[in-house]
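Novice: Using only what follows, build the 3D model:
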Amino acid sequence: MSRVKRLAALAIASLIVAAPAAAEVRWYRTIEEGTAAAKEFNKPLLVDFWADWCAACNVMEKEVYPTPEFASASSPFVLVRIDADHRTDLAKKYNIGALPMLLFTDSYGGEIFRHSGFLDVRPFAELLRSLPHDVSTFNGLTKVLAGNKDNFEALAEMGRTLRAASLFRTSNDYYAKALQRREAKSDAARREVILHDMGANYLEVKEGKKAAEVFQRCLNEFPASPHRSEWTSNLARARALD
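Specialist: So this is what the prediction gives:
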């Protein structure tokens, strides 16, 4: 082969990019196996509820999970896949409706965040990077609540911790439970702090009607609060959203 032909062949070869090999990630098949692995290092779980008949689930299995980008973004998580048709007990426990359903939990399986429906590689990777990777605080609170699901301090602290992590909807789930406890009902100052945060959470997720209800309640229950002007402004924002 002449020198010119060899150079041309090398140039062509340099333009050929081999397709990347499928990335290997480990999926556990049960919550029990996943939590056992997660507890050792205070890792969060990513739990994928799927089914054979779910078209979006199959697309994610073939086109999303084998990618290097997913493998990299999911490395801080312990990954679990649950067939919702075969584990109806878990589907009921976690209130699984539409599939695929992606749950992000602490090391003990306590829910932190959920996403329903198909996620392509890039938004999935961005979501995984935005979620808490060190769940030691969540783990501690979950252990307390496992012993006493009505522990006011743990419920309120879980609400605050989730809010700090920008997990606003789950934060309000715990705050709502805290509001039902005797400590919140009998202590106006504690109740005010919780309601203030709940209203702000609803604004963050643009649930105007619920935000308006909370801020109106704040104005009614705490007429002497220094937050009144803020609540009035937020009430107007909430009504505009609604």
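Novice: residue ranges of the helices in the protein, please?
Specialist: For the chain, the helices defined by DSSP state H cover 3-15, 31-41, 55-59, 68-73, 88-93, 121-130, 136-147, 152-164, 168-179, 182-186, 188-204, 208-221, 228-241.
Novice: what's in contact with the longest one?
Specialist: Think helix 188-204. 156, 159-160, 163, 166, 168-169, 171-172, 175-176, 178-179, 183-185, 208, 210-211, 214-215, 217-218, 221-222, 225, 227, 231, 234, 237-238, 241 (Cβ atoms under 8 Å, 6 or more residues apart in numbering). (Each C-beta comes from the backbone N, C-alpha and C, glycine too.)
Novice: Repeat that for the second one.
Specialist: Taking Cβ under 8 Å, 6+ apart as the criterion, the residues outside helix 31-41 that touch it are 28, 43-45, 47, 78-80, 82, 90, 106-109, 139.
Novice: how far is that helix from where the chain is centred?
Specialist: Centroid separation between helix 31-41 and its chain, computed with Cα atoms, centre = their mean, to the nearest Å, is 18 Å.
Novice: Arg181: neighbouring residues, count only.
Specialist: 17 (other Cβ atoms under 10 Å).
Novice: Could you measure from it over to Ala188?
Specialist: Going from Arg181 to Ala188 by Cβ to Cβ, to the nearest Å gives 14 Å.
Novice: what is the most centrally placed residue in the chain paired to in the beta sheet?
Specialist: Nearest to the mean C-alpha position of the chain, counting by Cα atoms, centre = their mean, stands Phe113 at 2.2 Å. When bridges are called by DSSP bridges, Phe113 pairs up with Phe104.
Novice: which residues touch Glu207?
Specialist: Neighbours of Glu207 in contact, by Cβ under 8 Å, 6+ apart: Leu241.
Novice: From Leu235, how far off is the closest residue to Leu128 other than its chain neighbours?
Specialist: In space, Leu128 comes closest to Ala73 once its chain neighbours are excluded; the distance is 4.1 Å by Cβ to Cβ, 6 or more residues apart in numbering. Applying Cβ to Cβ, the value for Ala73 to Leu235 is 39 Å.
Novice: same question, Ala188
Specialist: 20 Å.
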